[in-house]
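Peer 1: Dropping a prediction and its sequence here:
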Amino acid sequence: MADKLAEARFFDEDYSTGKRLVVGHVYSIIQNRNDCYENLIFRDPAGQRVLEYGCGTGSRSFELARRGAEVVGIDISPVGVARATERAANEGLKKASFEVMDAENMTFPDDSFDLVIGEGILHHLDLEKSYREVSRVLKPTGRAVFQEPLGHNPAIEIFRRLTPSLRTKDEHPLH
């Protein structure tokens, strides 16, 4: 990623204003993909230690914690992490914690997590650094499950071209 501070500022603004809420509605056209992702990450999470990589305001962390996982969420956005922390406290979820952290240079020890998950994060990052970090923090028997925007859907590509202000300059949908 070329400019991490610009990414953090972009998402701080988004989490403060909600300007990107429309993105979720557009991506709902691929609901089958979302269902498959949920089936994979919610499969027996009780007792697992889970990292939500690029958690934003908490995404799937809350449901995983309710289902018995110990969840740690990281994000580059202090606003997103603050909102996730506040929500976890309000919901009494003691097994969900959140930290501002660079996903390409995590501070966790090796072999820390049973499951690493992420939605729409990898396409913001240097893939080699990200893969290396995810592999490093996964336990030898762990799983990584990610859901990413792909550059193959013509309708979504048109939406991206028409709404450049809803994404950062460093995003690169996967092909």
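Peer 2: Perfect, I can see it now.

Peer 1: Low-confidence stretches in the protein?
Peer 2: 1-2, 18-31, 150, 172, 174-175 (pLDDT under 70).

Peer 1: In the chain, which strand is the longest?
Peer 2: Assignment by DSSP state E gives strand 138-147 as the longest strand of the chain.

Peer 1: Contacts for that strand next, please.
Peer 2: 33-34, 37, 40-41, 53, 111-122, 134-135 (C-beta atoms under 8 Å, 6 or more residues apart in numbering). To be clear about C-beta, it is placed using only N, CA and C from the backbone, and glycine gets the same treatment.

Peer 1: Would you list the buried entries among those?
Peer 2: Buried subset of the contacts of strand 138-147 (neighbour count, 16 or more other C-beta atoms under 10 Å): 37, 41, 53, 112-122, 134.

Peer 1: Let's see which of those end up in strands.
Peer 2: Using DSSP E, those in strands are Y53, F113, D114, L115, V116, I117, G118, E119.

Peer 1: can you give me the helices in the protein?
Peer 2: 4-17, 21-27, 31-41, 61-66, 78-90, 127-137, 154-162 (DSSP state H).

Peer 1: Kindly state which of the ones you listed is positioned closest to K169.
Peer 2: helix 4-17 (7.6 Å; C-beta to C-beta).
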